[in-house]
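K.L.:
Below are the sequence and a predicted model; questions follow.
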Amino acid sequence: MLAAKGIRTAEDLLYHLPFRYEDRQNPRSLDELKVGEMASVIAEVRGFALLRTRKAPIFEVTLGQGRMAMKCMWFHGGYLEGKFHTGQTVAVFGKVEPSRTTRNFKMINPQFEILPDASEDAETRMLEVGRITPVYESLGGARLASRWQRKVIFHLLEGLRGAMPECLPRAMLDRLSLPDREMALCQAHFPPEGTRMDALQAWATPAHKRLIFEELFFLELGLELKRRKMRERAGISFATTDKVREAIREVLPFHPTAAQKRTLGEIVQDMREPSPMRRLLQGDVGSGKTIVALQAMLVAMENGYQAALMAPTEILATQHFLAARKLLEKSSRNYRIVLLTGSLDEDRKRATRSLINRGEAHLVIGTHALIEEKVEFDRLGLVVVDEQHRFGVLQRFRLMKKPNQAEPDVLVMTATPIPRTLALSLYGDLDASVLDELPPGRTPIVTRRVPDERADDVWDFVRKQVEQGRQAYVVYPVIEGSKDDQPEFDFAQDSPAPGSTEPSPPKAARKGKTATLFPKMVKEANPSAKSGLKSAMEMHEKLRTGPLAGLRVGLLHGRLDADDKEVTMRRFQRGEIDVLVSTTVIEVGVDVPNASVMVIEHAERFGLAQLHQLRGRVGRGAAKSYCILMTGERVSEQAEERLNAMVRTQDGFELAELDLQMRGPGEFFGTKQAGLPDFRVANLIRDKQVLELAKQEAARFVADPGTDVSEAERTRVRERLKEAWQRRYGLVEAG
Ligand code: ADP
Ligand code: MG
């Protein structure tokens, strides 16, 4: 069970820190509670009952402290029968709510622990009561809950007393005033009497700081070494002659913005260097990354090398392919451009692979298939990865090249505006260029929230826009209505079972923890709405025959085969489709400047980053553009906040910061799928400052650890680094 949670060694367990603490030495009195706060309370069981209501059985416990009383209720609480007895002392933790029946308070679904009484052994009592008690996330049901962990961790710490190896140099700890590892672990698990509760809950004690620093230090140290290693590798020095400049000038469709010129300059500068380029190009949706990449690829091709462009979806790869072909038609060179995606038939794939292998394809555009199909390039010079966040954060691409060839340059592009600190740590081994200017002639997008009841007005508006020669997108969260048929998203499997409100630690309390599922969709505990969800297929039919009858309405979603997708996309691009009903497959990269309306139905179900990306599909031309966020179901507080933010601002960085705060970095990037290092104690938002410090210290250590760091300490740091990277980030990168 522990291994399933990633805990295989004693050390793993020791780094599983409590997610909160309870002061059981000075417990709160019931009359000092305030409605709305999260509180832990120790009280005596006065009575209990299982109430069978029509909806769900509720287990109710009355707790008392002197003359004060508080009710605790657990929905679906049948499983609690037999657990409580009058006279027991229990600790509960939950949100304090006003009670209607009495002047007192109540808690709904609080976490609880029955505290040991005199019949329990002294050690159990010592660990559970009369102290600041650590509370852990369960590692597997009731058996491996807090009580078990306290015991085991207590004994581990006892057993290792005086023998726990330090992994950071003494001099560094002294300089930063951080405690040693043993003390930090002891105090983070069992805080000494008098430790401030607010510092503990915020993970801001010296013990916590030390453990956070340690984790981030080894992350930054690894990144720093990788940067150095890459600089020593043999790459290609591309030449930028007048001939190359002329080749670019020939095809450029417009005047680049100052930001495009600057970023291209940075990229080309890297390309001229003999060491391989590893550069990140960040630019909000619509900032014009594609053309920058195309120019860089032209530099590679003009130097006699092949260039590869990888996109996360077939639609996007196809779009790039068509755009590149159109652009290079103007070129006096005869560049051959090929498209390689997974859905091509085997013959086409084989033929394309061989063109690439023989060096007859100069520009290769594709999806993941470029890696999966084991394509071997003849002379690969530059790899561009578009919309990298869709592939995974730290995943690196190794396209195959022939033996004994130089390391190609790599340019990674992303439209996820990554807050600076995060970019520094996550892409720490990449240099970054930022496109911070939109091409001229854009007018701000008007964003409005519209309730479902006013749908008729929305469709009227769409019709009017089409009459003016514009095009529109209408986006739905799912392809088809049935709930187990939603390949575009994974939220269906992830939402709680209908009506279930099992007690679980509140999200906000799980400091330092990141969630695990890629949030293609924001999960809302609104199970009844599932069946009422409008879908792309169903609404395509309804709109086509109803409110949008007479217009040319197309349908696009991930389950169409590649040819159909391509045909539909191309027809939309050429203006042969007026309204494109779609799922979020159009979220990344799709570029049709004539489209001026983006209608998003069930907007409350989409994440902020996703809404921003979708909105970025319009406002790409000079026409005034609109984003209409339609909401049907009950809108949660969080969704409300997201929608308001969308109306308030169009600034991708501002939205990203907000998104990050609301969801945490794990969900922001989609931890597991994205390969984001899964931190044990650090939290990149909370620990921004420690991260900066760790980065400085790592750079300093690599440059020169200093004479006060012994040889043994250096060795220990190196060993620890290897361990940390292999275990925590091992899957991220093999090399
Ligand atoms: P993104 O950064 O989101 O990938 P694109 O590269 O798709 O953005 O560019 C968005 C739109 O802006 C495209 O239609 C593109 O042709 C146009 N564009 C890019 N750069 C310029 C420019 N310098 N002047 C005018 N239009 C531009
Ligand atoms: Mg793009």
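P.N.:
Okay, I see it. Ligands and ions are numbered 1, 2, ... in the order given.

K.L.:
In this structure Ala455 contacts Ile628, no?
P.N.:
No: judged on CB atoms under 8 Å, Ala455 makes no contact with Ile628 at a distance of 10.0 Å. Where you see a C-beta, it was placed from the backbone N, CA and C, and this is true even at glycine.

K.L.:
And those two? Which one has more around it.
P.N.:
Ile628 (22 against 17; other CB atoms under 10 Å).

K.L.:
What about Asn594, how many residues nearby?
P.N.:
Using other CB under 10 Å, Asn594 has 15 other residues around it.

K.L.:
can you pull the contacts of it?
P.N.:
Counting by CB atoms under 8 Å, 6 or more residues apart in numbering, Asn594 touches 469-471, 575, 621, 623.

K.L.:
Out of those, list just those in helices.
P.N.:
Among the contacts of Asn594, the subset assigned to helices under DSSP state H is empty.

K.L.:
Farthest-apart pair in these, please.
P.N.:
Farthest pair in the contacts of Asn594 (CB to CB) is Gly575 and Ala623. Separation: 12.9 Å.

K.L.:
For the two, work out which one has more neighbours and name it.
P.N.:
A count of neighbours by other CB under 10 Å puts Ala623 above the other of Gly575 and Ala623, at 21 against 14.

K.L.:
my guess is that one meets Val597, correct?
P.N.:
No: checked against CB under 8 Å, the pair Ala623 and Val597 is beyond contact range at 9.8 Å.

K.L.:
wait, Leu280 sits on Leu430?
P.N.:
Yes: Leu280 lies in contact with Leu430 (CB under 8 Å); the separation is 4.3 Å.

K.L.:
any shared contact partners between these two?
P.N.:
Val412.

K.L.:
What segments of the stretch 401-550 of the chain are strands?
P.N.:
Assigned by DSSP state E, counting those that start in this stretch, the stretch 401-550 of the chain shows strands spanning 409-414, 431-435, 445-451, 471-475.

K.L.:
Save those as CSV, and put in mean neighbour count and mean pLDDT too.
P.N.:
Converted to CSV, the strands of the stretch 401-550 of the chain look like this (neighbours: other CB atoms under 10 Å; pLDDT from 0 to 100):
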stretch, mean neighbour count, mean pLDDT
strand 409-414, 24, 89
strand 431-435, 19, 86
strand 445-451, 16, 93
strand 471-475, 26, 96
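
K.L.:
Figure out which of the ones you listed is closest to Leu660.
P.N.:
Closest of the strands of the stretch 401-550 of the chain to Leu660 is strand 409-414, at 14.4 Å (criterion: CB to CB).

K.L.:
And the helix or strand containing Ala308, what does it pack against?
P.N.:
Taking DSSP states H and E as the definition, Ala308 sits inside strand 306-310. Here strand 306-310 touches helix 289-302, helix 314-329, strand 363-366, strand 380-385, going by 3 or more CB pairs under 8 Å, 6 or more residues apart in numbering; DSSP states H and E.

K.L.:
So out of everything in the stretch 51-200 of the chain, what residue is nearest ligand 1?
P.N.:
Residue nearest to ligand 1 within the stretch 51-200 of the chain (CB to the nearest ligand atom): Glu137, separated by 39.2 Å.

K.L.:
Okay, and that residue sits in which element?
P.N.:
Assigned by DSSP H and E, Glu137 belongs to neither a helix nor a strand.

K.L.:
Hmm, it is touching Leu17, no?
P.N.:
No: using CB under 8 Å, Glu137 is not in contact with Leu17; the gap is 9.7 Å.

K.L.:
the more surrounded of those two?
P.N.:
Comparing Glu137 with Leu17 by other CB under 10 Å, the one with more neighbours is Leu17, at 22 against 19.

K.L.:
I'd assumed Ala163 was in a strand, is it?
P.N.:
No: per DSSP: H, G, I helix; E, B strand; the rest coil, Ala163 lies outside any strand segment and is coil.

K.L.:
what about the residue in the stretch 551-700 of the chain that ligand 1 sits nearest to, how many residues close to it?
P.N.:
Nearest residue of the stretch 551-700 of the chain to ligand 1: Asp591, at 4.1 Å (CB to the nearest ligand atom). Asp591 is flanked by 17 other residues according to other CB under 10 Å.

K.L.:
cool, Arg231 as well?
P.N.:
Number of residues near Arg231 (other CB under 10 Å) recorded here: 13.

K.L.:
Chain neighbours aside, what residue packs nearest to it?
P.N.:
Leaving out its chain neighbours, the residue that sits closest to Arg231 by CB to CB, 6 or more residues apart in numbering is Ser275, at 4.8 Å.

K.L.:
can you check Arg620 too?
P.N.:
Pro593 is the one closest to Arg620 (CB to CB, 6+ apart), at 4.4 Å.

K.L.:
Tyr136 contacts His16, correct?
P.N.:
Yes: in this structure, Tyr136 is within contact of His16 by CB under 8 Å, at 6.7 Å.

K.L.:
Overlap in contacts, the two.
P.N.:
Common contacts of Tyr136 and His16 (CB under 8 Å, 6+ apart): Gln149.

K.L.:
chain center to stretch 379-389: distance?
P.N.:
Chain-centre distance of stretch 379-389: 21 Å, with CA atoms, centre = their mean, to the nearest Å.

K.L.:
could you pull out the strands for the stretch 51-200 of the chain?
P.N.:
Ranges of strands in the stretch 51-200 of the chain, per DSSP E, counting those that start in this stretch, are 57-65, 68-75, 89-95, 97-98, 105-108, 111-114, 132-135.

K.L.:
quick one: average pLDDT of the fourth one?
P.N.:
The average pLDDT for strand 97-98 rounds to 90.

K.L.:
Mind giving me the packing neighbours of it?
P.N.:
strand 105-108.

K.L.:
Single out whichever of the contacts of Asn594 has the smallest pLDDT.
P.N.:
Gly621 (79).

K.L.:
low-scoring stretches of this protein, by residue?
P.N.:
101-103, 389-400, 417-429, 482-531, 589, 663-678, 727-735 (pLDDT under 70).

K.L.:
okay, now the domains of it?
P.N.:
The chain breaks down by automatic domain parsing into domains covering 26-130, 242-435, 445-499+507-649.

K.L.:
Ser177 is nearest to which of these?
P.N.:
For Ser177, the closest of the domains of the chain is domain 445-499+507-649, at 21.5 Å, according to CB to CB.

K.L.:
measure the closest one end to end?
P.N.:
The first and final residues of domain 445-499+507-649 sit 10 Å from each other (CA to CA, to the nearest Å).

K.L.:
Pull the distance from it to the chain's centre.
P.N.:
Using CA atoms, centre = their mean, the offset of domain 445-499+507-649 from its chain centre is 20 Å.

K.L.:
Flag every residue of the stretch 401-550 of the chain that's near ligand 1.
P.N.:
Within the stretch 401-550 of the chain, the positions near ligand 1 by CB under 6 Å from any ligand atom are 415, 439.

K.L.:
count of neighbours near the residue of the stretch 401-550 of the chain found nearest ligand 1?
P.N.:
Nearest residue of the stretch 401-550 of the chain to ligand 1: Pro439, at 3.5 Å (CB to the nearest ligand atom). Number of residues near Pro439 (other CB under 10 Å) recorded here: 17.
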